[in-house]
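Student: got a predicted structure plus its sequence, pasted below:
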Amino acid sequence: MSMKHFLKIGDYEPDELQQMLDLSTELHGGQREDLLHKNILFTFEKPSLRTKVGTEVAINHLGGDVIHIDPESFLSGKIVYTQPVSGEDARESLHDTVKNVSQWCDAIFARVFSHKTLQVLSKYSEIPLVNALCDKHHPMQAMADLYTIQQKYGRDQNVSVTFIGDANNVAFSLIEICLLFGHDVRFAGPKQYYWSQEQLDYFADLARRYNAKFTPTTEPEKALKDTDVFYTDSFVSMGEETEYESKIAHFKNYQLTAEAFTHARKNAGFMHCLPAHRGIEVTDEVMDHSNSWVLEQAKNRMVVSKGVFAHLIK
Ligand code: CP
Ligand code: NVA
């Protein structure tokens, strides 16, 4: 049986993603034993609340176990000497660490700074590797987001989904999954922190292939007009601290305030992957609005983890 990793949404066809979402519903509905006696290795180079806790709870519900390994022992393999030595300071290569954990564990869940780390791991891993967020993608978030949209609007409706903010990992995976499922996707952000031409071409191609629509702009009001869902993420992502001042200045016109609801369709939903920076990318009024779906999204991070891990491990 072939073994698959889950590094990015674009590696999958909608049918298989939907199978994972359907399996999530089934597994969440009752205790199932698919993951019993399985050991999942978690390693995180950056902080996490939802991804770490939500996914661990999902694996516990399915009877599996989580082992946390510090990234220094697994991903960077750093050696600690009692006194300085010259030359090589790596304890061992990623090639060797991932081959080793493949002898004991059944899957790896990794949050890394660079997508390249995942590419090396996936090349040598003998067990499924799942991306818990990297600089380019956040596929587990996108799965929970689509699941939430389907809960709200059903499976068959063409939903308009608008992302306002940074052209980054969360937006990339959200745009991919919504286009794959034929939705009408809009994006608005400042041109200084915009998609590359290659990324825009990729989204346009996905839209063509899946009979969807992709409308990039720099004007938030235009993107929000009559939308069913509007979404934002932090303006400054983990690892971008040195760009803080510059990004905050360029994004100042992209904050989501209660006015967004007046441009959007009546009863439109607000989404945010969280953590949110209240008063920066979004105001309290929007976060705490009755049409804010942020806690449903957070809950669904746990629900969809069940289907994704069970699908990959089985
Ligand atoms: N949305 C999300 O990935 O949250 P954490 O960074 O807390 O895991
Ligand atoms: N774009 C954010 C998402 C956090 C879940 C980051 O990378 O920090």
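Tutor: Okay, I see it. For clarity, every value in this text was computed on a predicted model and none was experimentally measured. Ligands and ions are numbered 1, 2, ... in the order given.

Student: for ligand 2, what are the nearby residues on the stretch 151-300 of the chain?
Tutor: 168, 169, 170, 233, 234, 237, 238, 273 (CB under 6 Å from any ligand atom). For the C-beta atoms, the positions are set from N, CA and C on the backbone; glycine is no exception.

Student: so what's the last one up against?
Tutor: I take that to be residue 273. Shown in contact with residue 273 (CB atoms under 8 Å, 6 or more residues apart in numbering): 50, 138, 141, 145, 170, 233, 297.

Student: also within reach of ligand 1: list those from these.
Tutor: Applying CB under 6 Å from any ligand atom to these, those adjacent to ligand 1 are 50, 141.

Student: so for the chain, the centremost residue is which one?
Tutor: residue 138 (2.2 Å; CA atoms, centre = their mean).

Student: list the contacts of it.
Tutor: 131, 169, 170, 172, 173, 273.

Student: so which of the contacts of residue 273 is the closest to residue 8?
Tutor: residue 138 (9.4 Å; CB to CB).

Student: distance of that closest one relative to residue 313?
Tutor: 21 Å (CB to CB, to the nearest Å).

Student: repeat for residue 104
Tutor: 14 Å.

Student: more neighbours, these two?
Tutor: Taking neighbours as other CB atoms under 10 Å, residue 104 and residue 313 compare with residue 313 leading, 18 against 10.

Student: now the helix ranked longest in the chain: buried residues?
Tutor: Looking across the chain with DSSP state H, the single longest helix is helix 294-313. Neighbour counts over helix 294-313 (16 or more other CB atoms under 10 Å) mark 294, 296-313 as buried.

Student: check stretch 262-274 too.
Tutor: Neighbour counts over stretch 262-274 (16+ other CB under 10 Å) mark 263, 264, 268, 269, 270, 271, 272, 273, 274 as buried.

Student: thinking again about what came up before, and the longest helix of the chain, average pLDDT?
Tutor: Averaging pLDDT along helix 294-313 gives 97.

Student: and stretch 63-83, by the same measure?
Tutor: Mean predicted confidence for stretch 63-83 is 84.

Student: for stretch 91-101, same thing?
Tutor: Stretch 91-101 comes out with an average pLDDT of 91.

Student: any chance you could list what contacts that stretch?
Tutor: 41, 69, 73-75, 77-79, 108, 117, 120-121, 123-127.

Student: where does the stretch 201-314 of the chain have low pLDDT?
Tutor: Nowhere does the stretch 201-314 of the chain drop to pLDDT under 70.

Student: looking at it, which residue is nearest ligand 1?
Tutor: Closest to ligand 1 within the stretch 201-314 of the chain is residue 273: 3.9 Å, counting by CB to the nearest ligand atom.

Student: hmm, back to that, show me which of the contacts of stretch 91-101 are buried.
Tutor: Neighbour-count burial (16+ other CB under 10 Å) is assigned, among the contacts of stretch 91-101, to 41, 69, 74, 75, 77, 108, 117, 121, 125, 127.

Student: which one of those is nearest residue 196?
Tutor: Using CB to CB, those come closest to residue 196 at residue 117, 21.2 Å.

Student: how much space separates the residue nearest to the centre of the chain from residue 145?
Tutor: 9 Å.

Student: residue 104 and ligand 2, how far apart?
Tutor: Residue 104 sits 29 Å away from ligand 2, going by CB to the nearest ligand atom, to the nearest Å.

Student: if we ignore the residues flanking it in sequence, what's nearest that residue?
Tutor: residue 39 (6.8 Å; CB to CB, 6 or more residues apart in numbering).

Student: so what's the residue count around the one you found?
Tutor: 16.

Student: against residue 141, how distant is it?
Tutor: According to CB to CB, residue 39 stands 24 Å off from residue 141.

Student: same thing with residue 207?
Tutor: Residue 207 is 21 Å from residue 141, by CB to CB.

Student: neighbour count for these two, which is higher?
Tutor: For residue 207 versus residue 141, neighbours defined as other CB under 10 Å are more numerous around residue 141 (26 against 21).
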